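Asker: I'll drop the sequence and a predicted model, then ask my questions.
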Amino acid sequence: MEFGVYRKTEGKTDAGMLYQFLMLARHHATGVEHVVYIPLRIEPEWAGTIRPCILERWLFDLKFEFVSEGLPE
């Protein structure tokens with residue numbers, strides 16, 4: 001998996017938005033691999049905090065596309 005910025009390509013919400021891939025994680029009991037990522041936008045209800053998200057890798061691969069190592073111009 002490439003490290004960098006991804007764009008959400010499908011879903012009920014936030015299609016087209018950018019996200020930063022942080023790391024891969026594995027569930028300790030099931031062994032299922034997950035992607036940990038953060039939205040690259042500010043939302044007032046987050047009060048300026050980082051909001052890590054987690055999604056099973058197969059689902060992340062289905063709904064996100066790699067953009068670049070940094071923010072696109």
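Answerer: That came through, no problem. Numbers count the residues shown, from 1 in each chain.

Asker: Determine the three-state secondary structure at Leu62.
Answerer: helix (DSSP: H, G, I helix; E, B strand; the rest coil).

Asker: Not counting its neighbours along the chain, what's nearest it?
Answerer: Of all residues not flanking Leu62 in the chain, Glu10 sits nearest, at 7.8 Å (Cβ to Cβ, 6 or more residues apart in numbering). Any C-beta I mention is one placed from the backbone N, CA and C, and that applies to glycine too.

Asker: My guess is that neighbour contacts Lys63. True?
Answerer: Yes: applying Cβ atoms under 8 Å, one finds Glu10 in contact with Lys63, separated by 5.3 Å.

Asker: Give the residues shared as contacts by the two.
Answerer: Counting by Cβ atoms under 8 Å, 6 or more residues apart in numbering, Glu10 and Lys63 have no common neighbour.

Asker: so how far is Gly70 from the residue nearest to Leu62?
Answerer: 24 Å (Cβ to Cβ, to the nearest Å).

Asker: could you pull out the helices for the chain?
Answerer: In the chain, the segments counted as helices under DSSP state H are 57-63.

Asker: For the residue positioned nearest the centre of it, give me its contacts.
Answerer: A centroid search over the chain (Cα atoms, centre = their mean) returns Tyr37, at 3.6 Å, as the residue closest to the centre. Contact analysis of Tyr37 by Cβ under 8 Å, 6+ apart lists Tyr6, Tyr19, Gln20, Phe21, Leu22, Pro52, Cys53, Ile54, Leu55, Phe60.
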